[in-house]
Structure formats: C-alpha cells, structure tokens
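> What would the 3D arrangement of this be:
(one chain, ligands or ions: 1)
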Amino acid sequence: MTVSRSDVEAYRRDGVVVLRGVVSPHEVELLTAGIDEVLENPSPRAKVASSPDDPGFFIEDFCTWRDHEAFGEFVRTTTLGDVAAQLTDSHAIRMYHDHVLVKEARTRQRTPWHQDQPYYDVEGRQNVSFWIPVDPVDVSSCLELVVGTHLGPWLMPRSFLTKEAKWFPEGSLTELPDVDARRGDFEIKSWSLEPGDAIAFHMLTVHGAPGVSGDERRRVFSVRVLGDDMVYAPREWTCSPDFTQLFGDRDPRTPGEPLSGPWFPQLFPR
Ligand SMILES: O=C(O)CCC(=O)C(=O)O
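Numbers count the residues shown, from 1 in each chain. Predicted coordinates for the structure are as follows:
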C-alpha cells in the first residue's frame, strides 16, 4: 500500500488527509458487522453522547476490538499500519485503540470541537487516527478538521456535554477557540465519503462533527495508531479511554516506553 507523496505532504502540513478507497469492501463488511454487534451489546465503556430529547442517538464505544471477531480480523489484516508508517515516517506502527462512533438518523447532537491527545495517556508526535465510515457520509454530516492545529498548542479537554475539566486542571491549558463563531478565521476540511474511504488525522488536530440530517445513519469505526516516538504517559487523572480499568493491577505499560502487550499489537511491519 503506497501513499502518494502529495497525501503524505498534506498529512504533515495540514494534520489531516482524506484517503480514498483505502479500506477494502471485505474490510468494510467486517467493520459493519463489528459495529452492529457493538450496538447490540455495548461494552461497559460505552457512552451515550446525545441528550434524551435528541431526535436521534449518538453512542460511542471504546476498546471493543478484542470482543468482536470481525474487528479482530480487521486488526490482524489491515494495511493501515503501512499507511500510517508512511504518513508519520515511522519504522513501526502499533495499535493504540479503537473507537466506535454511531450517529443514528436525525441526531442533532454535534460532536464538539476538540483535540484527542489531551484526553489520552500518550506523548509523542508520530501518530494517526483513521476515521472510517461504513455508510456513505454527506459533507454536511462529515467530521470537520481545522487545518494546521496539529502543530499545537495542546488545548483544554472538557467533557462533551457538561464541559467539565476532568483531565488537565482548570487554567493549565489554553481554551479552544470558538471555531463556530469565527469559522471564516480557520481553514476547515471535510468531505463527502463513500464506504472504503478514510480520513487520517493527527491526535492534536482540532476536529468536531455536525449532527446527521434526513434518514442518514453515520456508523464509524476509528482506529488510533502509534508510530516510533509515541510513549506511555501515565496521568494523575482518568484518561479516555480508561485502560487502567481494562488492566486492573496488571498494566503492561512502562512510563516513557512504547506501548506493548496484547492490547497494542504491531500493525506494521507484520
Ligand atoms: O465521529 C464523530 O462525531 C467525532 C469523531 C471524533 O471526535 C474522533 O474520531 O476523534
């Protein structure tokens, strides 16, 4: 799987690039089956991210790939590790985690603007999140990403619905700008996507998403991967996803070291 020079340059310059047809039809089938299983039987980590009066429904789940064989096959066979190695100039790529994000038809709830890395327990710059829809996504319902924000700074993470500072302490990071109030001041990217397409973005790229209109369903599997300089950075607070809850007192990670163990398989080279 060779990524074009212009896609690599776009990723490094903008912190986001769209990759057309990078997921095969069989892989789309696997991801669809896995997502539908998660919807039937969410994990204890699942969160409803829409309010009760929303005409639709937004649910997220995390770290589900080991519970669903369809996701397991995807993780064992995907070539996205090779893609990430090229985007990040890494020799090796490991899985960090999966994230299922489903907005049912007519979901009004926006995904607020945020960066992902401040919620995580990893440091380093060589990383990629792949946002992979299994349904066609119109540009009006697509993830939106603010070009160049992957260069920093880290911005204050808050809980999506109640806006609480549950990660970094109040005042310790700059607040996110009000992107919606000043959209003209930012370069914002989003696309219409078909199953098989993916958006690759950096864990510091500011992104958000509208609700979904009409009868569209927006089922997404996202896989987050780590390149050469990414290391475990334990925090004093509970991160999202909360790996400590999965590991109990058998956390295989060493502070300052790359992640290893069965939750973090190497995706490239195989
Ligand atoms: O799918 C969404 O609505 C938001 C996605 C997101 O925030 C992410 O993939 O990190």
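> Show me what from the stretch 151-270 of the chain comes close to the ligand.
207, 209, 220, 222 (CB under 6 Å from any ligand atom). (C-beta placed from N, C-alpha, C; glycine too.)
> Which of the residues you listed sits closest to the ligand?
residue 209 (3.4 Å; CB to the nearest ligand atom).
> what sits opposite that closest one in the beta ladder?
Listed beta-bridge partners, residue 209: residue 111 (assigned using DSSP bridges).
> Now do the contacts for it.
Neighbouring residues of residue 209 by CB atoms under 8 Å, 6 or more residues apart in numbering: 103, 110-111, 141-144.
> Okay, buried residues for the longest helix along the chain please.
Of all segments of type helix in the chain, defined using DSSP state H, the longest is helix 25-40. Judged by neighbour count (16 or more other CB atoms under 10 Å), helix 25-40 contains these buried residues: 27-28, 30-35, 37-39.
> Is it correct that residue 195 is in contact with residue 135?
Yes. Counting by CB atoms under 8 Å, residue 135 is a contact partner of residue 195 at 6.7 Å.
> Quick check: which element contains the nearest residue to residue 55 once chain neighbours are set aside?
Of all residues not flanking residue 55 in the chain, residue 106 sits nearest, at 4.4 Å (CB to CB, 6 or more residues apart in numbering). Secondary structure assigned from DSSP states H and E places residue 106 in neither a helix nor a strand.
> any idea how far residue 106 is from residue 181?
25 Å (CB to CB, to the nearest Å).
> can you name the two of the buried residues of helix 25-40 that are farthest apart?
Pairwise distances among the buried residues of helix 25-40 were taken by CB to CB; the largest, 18.7 Å, belongs to 27 and 39.
> Name the single longest strand found in the chain.
Among the elements of type strand in the chain, defined by DSSP state E, the one spanning the most residues is strand 93-103.
> Can you list the strands that that one pairs with?
Assessed with DSSP bridges, strand 93-103 is paired to strand 58-62 (antiparallel), strand 218-226 (antiparallel), strand 266-268 (antiparallel).
> Out of the residues of the stretch 151-270 of the chain next to the ligand, give me the one that has the most neighbours.
Neighbours here are counted as other CB atoms under 10 Å. On that basis the top member of these is residue 207, with 26 neighbours.
> So which residues of the stretch 101-250 of the chain form strands?
When assigned using DSSP state E, counting those that start in this stretch, the strands of the stretch 101-250 of the chain occupy the ranges 111-114, 122-123, 127-133, 144-146, 188-189, 198-201, 207-209, 218-226, 231-232.
> Columns mean pLDDT and distance to residue 80 on top of these, output as JSON lines?
As requested, these are arranged in JSON lines below (pLDDT from 0 to 100; distance: least, CB to CB, whole Å):
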{"stretch": "strand 111-114", "mean pLDDT": "97", "distance to residue 80": "22"}
{"stretch": "strand 122-123", "mean pLDDT": "98", "distance to residue 80": "18"}
{"stretch": "strand 127-133", "mean pLDDT": "98", "distance to residue 80": "6"}
{"stretch": "strand 144-146", "mean pLDDT": "98", "distance to residue 80": "18"}
{"stretch": "strand 188-189", "mean pLDDT": "98", "distance to residue 80": "20"}
{"stretch": "strand 198-201", "mean pLDDT": "99", "distance to residue 80": "8"}
{"stretch": "strand 207-209", "mean pLDDT": "98", "distance to residue 80": "18"}
{"stretch": "strand 218-226", "mean pLDDT": "98", "distance to residue 80": "6"}
{"stretch": "strand 231-232", "mean pLDDT": "98", "distance to residue 80": "21"}
